[in-house]
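> kindly generate the corresponding structure for this input.
(one chain, ligands or ions: 3)
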Amino acid sequence: MALRTTPLAQLCKRATLSSSSASTLTWPANSSSWRRNNATVAPPVTQDSTGSKGPTAMVFMNMGGPSTTDEVGDFLSRLFADKDLIPLGRLQNYLGPLIARRRTPKIQKQYAEIGGGSPIRKWSEYQAAEMCKILDKISPETAPHKPYVAFRYADPLTEEMYTKLIADGFGAGKGGRAVAFTQYPQYSCSTTGSSLNELWKWRNRLEGKRATGEVDPEGAIKWSVIDRWPVHPGLVEAFARNIEATLATYPEERRDKVILLFSAHSLPMSVVNRGDPYPAEVGATVHAVMHRIGMQHPYRLVWQSQVGPQPWLGAQTSDTVENLIKKGQTDIILIPIAFTSDHIETLYELDKEIIGEAGHEGVKRVESLNGNPVFIQALADIAKAHLDSGISCSPQMSLRCPGCVSERCAEQKKFFAGQVQHL
Ligand SMILES: C=CC1=C(C)c2cc3[nH]c(cc4nc(cc5[nH]c(cc1n2)c(C)c5CCC(=O)O)C(CCC(=O)O)=C4C)c(C)c3C=C
Ligand code: FES
Ligand SMILES: [Fe+2]
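Ligands and ions are numbered 1, 2, ... in the order given. From the prediction side, this is the model:
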């Protein structure tokens, strides 16, 4: 890959062009990165002789799931070893594997009942590849776009993705650009935060000088991050159309009285009280979707899938459905609002446990976004806007949770958000 650093004059021109929205670009003291208002701008880009700054690696980050029941044990061991998701203190190395082993048979049975594994790999690879095809057309200046998937707890793991990136000619002395695109629309430190901590770790291991963690800035991959997109109009449109399609399946005389239950994976109250942004961002998605469909139905945001004995954010989805049915309300639509493809929580918990046990034909679930073309176009639009903006991550990324005591978070944010000062 022939890479040439963009001359400063050209960068300044780019800065002038993109400052039409009255934002100001400054060259911060002690910094090697541009800032527009509070957002850190990506490091200088490179251009080949055709004028394209590509190739650009588009890395879809998500938690992943076991593709077969044999993979459930490894999936759970990695999940219970993750201190950003389930902090077990000094006993993590002992308790993590123990809990994972005990839980494996129960979770294997659940995956067996939904067809033998999680479809998340299939959907993630499809969504990333389709999005890149659209991006090649709408963003020729950063083409070609190469799709990658990096899962936190299942194959392909972040390490595997990074090794592939390097084998494909990015990084390791050659530089190149990569975008870490979280597939969680709403940011939580236990989901996107954990994936970014893992990406930062492997970046240092595979591109850094192992002993010091220092990375050669000239030869390393230039990363930027799409860290959240809770109210993107394309995402909202995709959810809204799915809700409208499900509403249309009710007889007209019952339709107006259908209750909409938006359901998101819950968080332990300890995470909520630490100041995690996820509950507010999920609420923002729900409000935007309701606004789009004209606020025509009563609705609630409820929370599912709590694990373990500590207090979790409620009301719980299962209790809410049960209570509504007891009161005679049997027309209910469940809308998974915090995940973009099918997984055990939709196919097993919602479909089999909650809807199956409700035993009423009026209790339904909207389809997950999966291969929905409106959704895939939204992914491409989000990526295009990010590539055009030149920012390395959102301003929100620079701010830690009020109760955060994790050095990993501090270092990771410092790396991805550059020199933003208000940490
Ligand atoms: C936005 C989505 C999710 C958040 C937030 C989240 C937080 C979170 N999860 C756990 C513990 C477990 N989660 C498990 C599975 C699982 N979690 C999500 C999504 C979010 N989790 C999904 C989509 C899945 C299923 C993956 C698939 O099938 O494709 C599991 C494993 C299953 C089980 O043992 O029940 C655990 C455990 C915590 C503690 C947490 C917040 C801190
Ligand atoms: S836990 Fe949120 S920033 Fe560290
Ligand atoms: Fe979870």
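> touching ligand 1 at all, stretch 344-364?
Yes - interface with ligand 1: stretch 344-364 contributes 344-345 (CB under 6 Å from any ligand atom). All C-beta atoms are positioned from the backbone trio N, CA, C, and that covers glycine.
> could I have that stretch exported to CSV, CA atoms only?
Extracted C-alpha coordinates of stretch 344-364, given in CSV (Å, rounded to 0.1, in the frame of the first residue of the first chain):
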residue,chain,number,x,y,z
ILE,A,344,-30.7,-15.7,22.7
GLU,A,345,-32.6,-12.8,24.4
THR,A,346,-35.0,-12.4,21.4
LEU,A,347,-35.3,-16.0,20.1
TYR,A,348,-35.4,-17.7,23.5
GLU,A,349,-36.3,-15.3,26.3
LEU,A,350,-38.8,-13.1,24.4
ASP,A,351,-40.2,-15.7,22.0
LYS,A,352,-40.2,-18.9,24.0
GLU,A,353,-40.3,-17.8,27.7
ILE,A,354,-42.3,-14.6,27.6
ILE,A,355,-44.5,-14.7,24.5
GLY,A,356,-44.8,-18.5,24.6
GLU,A,357,-45.8,-18.6,28.2
ALA,A,358,-48.2,-15.6,27.8
GLY,A,359,-50.4,-17.9,25.6
HIS,A,360,-52.2,-15.1,23.8
GLU,A,361,-52.1,-14.5,20.1
GLY,A,362,-52.1,-10.7,20.7
VAL,A,363,-48.7,-10.8,22.4
LYS,A,364,-46.2,-10.4,19.5
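> which stretches of the chain form strands?
Assigned strands in the chain, in chain order: 25-26, 34-36, 39-41, 56-62, 145-151, 177-182, 208-209, 214-215, 222-226, 259-265, 299-304, 332-336, 363-365 (criterion: DSSP state E).
> as TSV, the ones you listed with distance to Thr285, mean pLDDT and mean neighbour count would be great.
Shown next, in TSV, are the strands of the chain (distance: least, CB to CB, whole Å; pLDDT from 0 to 100; neighbours: other CB atoms under 10 Å):
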stretch	distance to Thr285	mean pLDDT	mean neighbour count
strand 25-26	31	28	14
strand 34-36	25	34	21
strand 39-41	22	42	23
strand 56-62	17	98	26
strand 145-151	23	98	24
strand 177-182	14	96	23
strand 208-209	36	64	12
strand 214-215	35	56	14
strand 222-226	16	93	23
strand 259-265	8	97	25
strand 299-304	9	97	20
strand 332-336	10	97	24
strand 363-365	17	93	21
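> could those go into TSV alongside distance to Tyr278?
Output for the strands of the chain, formatted as TSV (distance: least, CB to CB, whole Å):
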stretch	distance to Tyr278
strand 25-26	31
strand 34-36	26
strand 39-41	21
strand 56-62	15
strand 145-151	19
strand 177-182	12
strand 208-209	30
strand 214-215	30
strand 222-226	16
strand 259-265	8
strand 299-304	10
strand 332-336	15
strand 363-365	22
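> taking the protein, what residue is nearest to ligand 1?
Gly65 (2.6 Å; CB to the nearest ligand atom).
> how much space between that residue and Pro251?
Using CB to CB, to the nearest Å, Gly65 is found at 36 Å from Pro251.
> more crowded one of the two?
Taking Gly65 and Pro251 together and counting by other CB atoms under 10 Å, Gly65 has the greater number of neighbours (24 against 8).
> contacts only, for the nearest residue to the more buried one once chain neighbours are set aside.
Setting aside the residues directly before and after it, Gly65 is nearest to Ser118 in space (CB to CB, 6 or more residues apart in numbering), at 2.6 Å. Listed by CB atoms under 8 Å, 6 or more residues apart in numbering, the contact set of Ser118 reads 64-67, 111, 154, 343-344.
> which bits of the stretch 301-423 of the chain sit near ligand 2?
Going by CB under 6 Å from any ligand atom, the residues of the stretch 301-423 of the chain near ligand 2 are 400-401, 404, 406, 409.
> helices - which of the residues you listed land there?
Members of those lying in helices (criterion: DSSP state H): Cys409.
> pipe the residues of the stretch 301-423 of the chain next to ligand 2 into JSON lines and attach neighbour count, pLDDT and distance to Thr285 per row.
As requested, those are exported to JSON lines (neighbours: other CB atoms under 10 Å; pLDDT from 0 to 100; distance: CB to CB, whole Å):
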{"residue": "Arg400", "neighbour count": "18", "pLDDT": "95", "distance to Thr285": "23"}
{"residue": "Cys401", "neighbour count": "17", "pLDDT": "97", "distance to Thr285": "20"}
{"residue": "Cys404", "neighbour count": "18", "pLDDT": "96", "distance to Thr285": "23"}
{"residue": "Ser406", "neighbour count": "17", "pLDDT": "94", "distance to Thr285": "26"}
{"residue": "Cys409", "neighbour count": "20", "pLDDT": "94", "distance to Thr285": "24"}
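> sounds good, over and out.
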